[in-house]
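Visitor: coordinates only, sequence not included:
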């Protein structure tokens, strides 16, 4: 691990472009592909993942969607969910719910609605979420994501893919801390060393979840601070090649954006995103709540599990809220 301010690891826009070319997998699954690395998951991997359930214990990995979420203004355009009641028990008791024509009594009911950005809490980034110099995954032009949404690489295209073997890399516990400091960049060697210490193998088609402790630090303090787009621990840009080489299906984290902030470059914001989503084809999960799962893994020393996290099949959307589940 290193601090993102360490100039030894810094790079310029030309290095970002070169890394993108080196990691590019456009056409690997054909010219019409919209699933990216989720193609690594086959029936064989799903059957093997189902066999990982030994004690039937389930761990929800999603934050509640409410006004106490992490969107506090650090990143423009997103807000916490706004929950509104369309009908309530108070309405029912007060007699506001009238029976339909021909009926003597009305049904008594509650109904509600929610308004929220699709990426305001625990969520998937779709492959149409990030562009690299005007192109998205598989070389599709960014213009295909317009005012009516994504005509290519939308989240509904992968609604049946989020089921397989999950692996937790508890980086914070492996490093001997409750939470990594903001600006701590996790290197590929750290990912390998953590997996080795946990005696778990990263395999083709895995959903890899890493824990930094950042979310738990915020929840313990009762203050999200700059969690939504501000300084955070996360993956170094230099893990892009590791992600491609390991042939994992998806990468997920307990942070807002998976990669380290401040970034290791002044050339652009979130350069790691520029590579892993549009060039490698990785589906990314963010804002995962993994504390309970991490404690259980530390107790039984089992860091693999059945993972299931289908997105809401929202047509043409570039992200989706989820409540991921790990079952051991």
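Guide: In hand now; what should we look at? Owing to the predicted nature of the structure, the values given are computational and were not obtained by experimental measurement.

Visitor: My guess is residue 255 contacts residue 286. True?
Guide: Yes - counting by CB atoms under 8 Å, residue 255 does reach residue 286; the two are 6.9 Å apart. (Glycine included, C-beta is placed from N, CA and C.)

Visitor: quick one, which of the two is more surrounded?
Guide: residue 255 (26 against 19; other CB atoms under 10 Å).

Visitor: buried stuff in the lowest-mean-pLDDT helix or strand in the chain?
Guide: The helix or strand of the chain with the poorest confidence is helix 89-94; it has a mean of 88 (mean pLDDT, DSSP states H and E). For helix 89-94, the neighbour count (16 or more other CB atoms under 10 Å) marks residue 91 as buried.

Visitor: what about residue 124, which SS state?
Guide: strand (DSSP: H, G, I helix; E, B strand; the rest coil).

Visitor: what about stretch 12-32, average pLDDT?
Guide: What stretch 12-32 shows for mean pLDDT is 96.

Visitor: So for it, what gets flagged as buried?
Guide: For stretch 12-32, a neighbour-count test (16+ other CB under 10 Å) marks 15, 16, 19, 20, 23, 24, 25, 26, 29 as buried.

Visitor: now the helices: where do they sit in the stretch 51-200 of the chain?
Guide: Residue ranges of the helices in the stretch 51-200 of the chain, as given by DSSP state H, counting those that start in this stretch, are 89-94, 171-175, 188-198.

Visitor: Name the residues that touch the first one?
Guide: For helix 89-94, the surrounding residues in contact (CB atoms under 8 Å, 6 or more residues apart in numbering) are 97, 106, 108, 109, 110.

Visitor: let's see it at 10 Å
Guide: 85, 88, 96, 97, 106, 107, 108, 109, 110, 111 (CB atoms under 10 Å, 6 or more residues apart in numbering).

Visitor: Might you report the residue contacts of the third one?
Guide: In this structure, residue 96 makes contact with 87, 88, 90, 106, judged by CB under 10 Å, 6+ apart.

Visitor: try the first one
Guide: With contact taken as CB under 10 Å, 6+ apart, residue 85 is in contact with 91, 110, 111, 112, 113.

Visitor: which one of those residues sits closest to residue 245?
Guide: Taking CB to CB as the measure, residue 245 lies nearest residue 113 of these, at 44.9 Å.

Visitor: Can you tell me the closest non-neighbouring residue to the closest one?
Guide: residue 84 (5.2 Å; CB to CB, 6 or more residues apart in numbering).

Visitor: count of neighbours near the one you found?
Guide: For residue 84, using other CB under 10 Å, the count is 8.

Visitor: sorry, back to before: widest-spaced pair of the contacts of residue 85?
Guide: Among the contacts of residue 85, 91 and 113 lie farthest apart (CB to CB), at 14.6 Å.

Visitor: Show me the longest strand that occurs in the chain.
Guide: Under DSSP state E, the strand in the chain containing the largest number of residues is strand 163-170.

Visitor: I'd like to know how far residue 49 sits from residue 196.
Guide: From residue 49 over to residue 196 the distance is 22 Å, taken as CB to CB, to the nearest Å.

Visitor: Those two: which is more packed in?
Guide: residue 49 (23 against 11).

Visitor: Point to the residue nearest the middle of the chain.
Guide: Centroid check for the chain by CA atoms, centre = their mean gives residue 285 as the closest residue, at 1.0 Å.

Visitor: ok, it touching residue 121?
Guide: No - using CB atoms under 10 Å as the test, residue 285 is too far from residue 121 to be in contact (11.4 Å).

Visitor: Mutual contacts of these two, please.
Guide: With CB under 10 Å, 6+ apart as the test, residue 285 and residue 121 both reach 62, 322.

Visitor: circling back: how about the helices of the stretch 51-200 of the chain, which one is nearest residue 204?
Guide: Of all those, helix 188-198 sits nearest to residue 204, with 14.2 Å by CB to CB.

Visitor: for the record, mean pLDDT for the helix or strand following that closest one?
Guide: Next helix or strand after helix 188-198 toward the C-terminus (DSSP states H and E): strand 207-211. The average pLDDT within strand 207-211 is 98.

Visitor: mind listing what's buried in strand 207-211?
Guide: For strand 207-211, the buried set under the neighbour-count rule, 16+ other CB under 10 Å, comprises 207, 208, 209, 210, 211.

Visitor: And for stretch 184-192?
Guide: 184, 185, 186, 187, 188, 190, 191.

Visitor: May I see those residues arranged in CSV, with pLDDT and distance to residue 146 as well?
Guide: Shown next, in CSV, are these (pLDDT from 0 to 100; distance: CB to CB, whole Å):
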residue, pLDDT, distance to residue 146
184, 97, 38
185, 97, 35
186, 98, 36
187, 97, 38
188, 97, 37
190, 98, 40
191, 98, 37
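
Visitor: Looking at the residues you listed, which is nearest residue 225?
Guide: For the buried residues of stretch 184-192, the residue nearest residue 225 by CB to CB is residue 184; the value is 15.8 Å.
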